[in-house]
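>>> My questions concern the predicted model and sequence given below.
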Amino acid sequence: MRQFISRWLVLTIAAAVMVAVLPGMEAVGEPPILGVAAFSLFMALINASIKPVVHLLALPISILSLGLFALIINWLFMELASYLAFSLFGVGVVIDGFWWSVFGSVIMSIVSGIVESIIGE
């Protein structure tokens, strides 16, 4: 449980940076960090539960498409996390399109790596 909460905190920081940097992402909530936290909660749940299985099943297609199919999967997971946050909590992160999601994934990966290296995960 401690590891999940730590991962959620890291993803919340990464998502906050993503929303601050990208104009195609907008946090909805009062205060906006609630939207980011709800979005990152569902991203952490998806990453811990279904993402490894889906990536494993999609591995042949990802290899044939030279990894482009993995971008589509990541986009779908970000959209799913956004949808779940809005439908359950009424707050979340609005993603304006596929390419904003791709840029957001890159930023979240970089920031997550930096934060995890700082806190020692």
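Ah, there it is. Computed from a predicted model, the values in this text were never measured in an experiment.

>>> can you pull out the helices in the chain?
Ranges of helices in the chain, per DSSP state H, are 2-21, 32-49, 51-57, 59-64, 68-89, 98-119.

>>> Quick one: work out the angle between the fifth one and helix 32-49.
I take that to be helix 68-89. Interaxial angle, helix 68-89 versus helix 32-49 (axes from the mean of the first three to the mean of the last three C-alpha atoms, to 10 degrees): 130 degrees.

>>> Give me the buried positions along helix 68-89.
Residues 69-75, 77-78, 81-82, 84-86, 89 are the ones in helix 68-89 that count as buried (16 or more other C-beta atoms under 10 Å). The way it works is simple: take the backbone N, C-alpha and C, and place the C-beta from them, glycine included.

>>> Identify, out of the helices of the chain, the most deeply packed stretch.
Mean neighbour counts were compared across those using mean count of other C-beta atoms under 10 Å; the top stretch is helix 32-49, at a mean of 21.

>>> and the residue lying farthest from the centre of the chain, how far is that from residue 4?
Most distant residue from the mean C-alpha position of the chain: residue 64, 24.6 Å away (C-alpha atoms, centre = their mean). Using C-beta to C-beta, to the nearest Å, we find residue 64 at a distance of 33 Å from residue 4.
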